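[1] sequence first, predicted model second:
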Protein chains: 2
Amino acid sequence: MRENTGKSKYVMLGMLARMPLTGYMIKKWLENEYSHFWQESYGQIYPTLKKLVEEGLAVSSESSERRNGRGQILYTITDAGKKELSDWLSKEPEIEKLRYEILLKISFGDNTTKDVLLGHLDEFIQRNEKLIKDMNGYIEEIEGASGLDFDCSYSKLTALCGIHIYTAMKAWAIEAKDIIAAKGEKDHETKNP
Amino acid sequence: MRENTGKSKYVMLGMLARMPLTGYMIKKWLENEYSHFWQESYGQIYPTLKKLVEEGLAVSSESSERRNGRGQILYTITDAGKKELSDWLSKEPEIEKLRYEILLKISFGDNTTKDVLLGHLDEFIQRNEKLIKDMNGYIEEIEGASGLDFDCSYSKLTALCGIHIYTAMKAWAIEAKDIIAAKGEKDHETKNP
DNA sequence: TTCGGCATGTAACTTGTTACATGATTTG
DNA sequence: CAAATCATGTAACAAGTTACATGCCGAA
């Protein structure tokens, strides 16, 4: 009983806990609502789903009535699956290993021009502005949809986190631009006393 | 000439651009100053260094004078390496794919208790407080060391980014705790009109 | 003499992505 | 009729971690 499915397994379980889903639906749902902090490819989803069934954490029901395209395979979480999920939820989240390419490029800034760095930061600011707008739109969307069959307040919390992060990133980038610009002037002074 | 080394290659080049280094020194340096936004394992470092030499981006000089322990292999960047680095620095940084486990757990919050979530958030707040303190310490450190042989201002910028992010994360977690606590009360009201 | 740090290296494994194959149905 | 979308799936690859092997030196 090796533990080879990483976190994808729990993502599937968490989504199936809401409602029975197909692999395709899981992918679409991830793309729409989780993409800013989580993503999975089909190459992960389908094999993981099969393992879930093997481990008794979900059951599959092949609906031969092919409504759209090929016949769908619906996965439903079992009691064992619910227990597995809640056990995982109780465990303290691991510390994330982050890899910010932009910070790498900034920290190697000596090896390029000021303009290149300022360009990257400008692009970064725009990207974060877009993300903030997206997150705000998403929050309005779920606030607008009142008569929903399930509670979205936890989803809203993750969007709120996005807003915090992207706002902080944008603020940093603006500050960084100022510092880099000022630094250029200082260098010039030093070289021409 | 396949492109199989990902970003590790450029990290090595960026560090070698400062001074000639051994694999071991690269690892230690990464652990000390880059660990909050980048990390590499020996399993990546040594093979990548070899490839750098194969591609003519660095040269190795085995100093047979074994100062400490086993004889070291010093790697020095070549002009071709410097060009490769500056070309990479000019390219727009890729959009990061983030995976925040804590957000996953929060978004699946329905399947556990309020106490579990509040506990995770408390731990998260403490972790971020520690990180903010670390980053501030790091900034003071490089500000204190005045007569340094090379400019640290770009490193300081990355630390500043850390402070922004961790502060934002902490602020979010505090807000999230309040919202989750309030939500509990509201649920109670709804169930007992 | 034992332990920790210096120092290099690799094999096995895990994790995840990409590109492809298949094919029905819906929409323009 | 062509293209997009629904829908499942896999093989090959890429990337990265872990655990281990080796061995010297200095300090406790």
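    Thanks, I have the structure now.
[2] strands along chain A, start to end?
    For chain A, the strands defined by DSSP state E occupy A:58-62, A:73-77.
[3] can you tell me which of the ones you listed is most buried?
    strand A:73-77 (a mean of 19; mean count of other Cβ atoms under 10 Å in any protein chain shown). Bear in mind the C-beta positions are built from the backbone N, C-alpha and C, glycine included.
[4] let's have the strands of chain A in JSON lines, adding mean pLDDT and distance to B:W172.
    Formatted as JSON lines, the strands of chain A follow (pLDDT from 0 to 100; distance: least, Cβ to Cβ, whole Å):
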{"stretch": "strand A:58-62", "mean pLDDT": "91", "distance to B:W172": "32"}
{"stretch": "strand A:73-77", "mean pLDDT": "96", "distance to B:W172": "29"}
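[5] quick one, which of these is nearest to DNA strand D?
    strand A:73-77 (4.1 Å; Cβ to the nearest atom of the strand).
[6] so how far is that closest one off the chain centroid?
    From the chain centre to the centre of strand A:73-77 is a distance of 23 Å (Cα atoms, centre = their mean, to the nearest Å).
[7] that older thread, wait, which of the strands of chain A is closest to A:L30?
    strand A:73-77 (14.5 Å; Cβ to Cβ).
[8] does A:Y154 really touch B:T112, like I thought?
    No: using Cβ atoms under 8 Å, A:Y154 is not in contact with B:T112, being 10.4 Å away.
[9] give me the contact status of stretch A:88-96 with DNA strand D.
    No: judged by Cβ under 7 Å from any atom of the strand, stretch A:88-96 and DNA strand D are separated, with a smallest distance of 9.9 Å.
[10] other residues contacting that stretch?
    A:10, A:13, B:98-102, B:105, B:108-109, B:111-112, B:116, B:120, B:123-124, B:127 (Cβ atoms under 8 Å, 6 or more residues apart in numbering or on different chains).
[11] coming back round to it: and the strands of chain A as TSV, adding distance to DNA strand D?
    Shown next, in TSV, are these (distance: least, Cβ to the nearest atom of the strand, whole Å):
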stretch	distance to DNA strand D
strand A:58-62	8
strand A:73-77	4
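[12] what's the closest of those to DNA strand C?
    Of the strands of chain A, nearest to DNA strand C by Cβ to the nearest atom of the strand is strand A:73-77, at 12.9 Å.
[13] low-confidence ranges, chain A, go.
    A:1-5, A:64-70, A:146-150, A:184-193 (pLDDT under 70).
[14] domain map for it?
    A:8-90, A:101-191 (automatic domain parsing).
[15] which of those domains sits closest to DNA strand C?
    Going by Cβ to the nearest atom of the strand, the one of the domains of chain A nearest DNA strand C is domain A:8-90, 2.6 Å.
[16] generate a ChimeraX selection restricted to the buried subset of the contacts of stretch A:88-96.
    Command for ChimeraX that selects the buried part of the contacts of stretch A:88-96, burial taken from 16 or more other Cβ atoms under 10 Å in any protein chain shown:
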select /A:10,13 /B:98,99,100,101,102,105,108,109,111,112,116,120,124,127
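[17] can I get the domains of chain A in JSON lines including distance to B:E62?
    Listed next are the domains of chain A as JSON lines, based on distance: least, Cβ to Cβ, whole Å:
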{"stretch": "domain A:8-90", "distance to B:E62": "42"}
{"stretch": "domain A:101-191", "distance to B:E62": "26"}
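[18] among the contacts of stretch A:88-96, which are in reach of DNA strand C?
    Applying Cβ under 7 Å from any atom of the strand to those, those adjacent to DNA strand C are B:R99.
[19] mark which of the contacts of stretch A:88-96 are part of helices, please.
    A:Y10, A:L13, B:E101, B:I102, B:K105, B:V116, B:H120, B:E123, B:F124, B:R127 (DSSP state H).
[20] of those, which is the nearest to B:N32?
    Nearest member of those to B:N32, counting by Cβ to Cβ, is B:R127, at 19.2 Å.
[21] gap between the closest one and chain A?
    In this structure, B:R127 and chain A are 7 Å apart, going by Cβ to the nearest Cβ, to the nearest Å.
[22] in chain A, which helix is the longest?
    Secondary structure of chain A read by DSSP H shows that its longest helix is helix A:153-191.
[23] can you tell me which helices and strands that helix packs against?
    Applying 3 or more Cβ pairs under 8 Å, 6 or more residues apart in numbering or on different chains; DSSP states H and E, one finds that helix A:153-191 contacts helix A:114-144, helix B:101-107, helix B:153-191.
[24] mean neighbour count, those: which tops it?
    Of the helices and strands packed on helix A:153-191, helix B:101-107 is the most buried (mean count of other Cβ under 10 Å), at a mean of 23.
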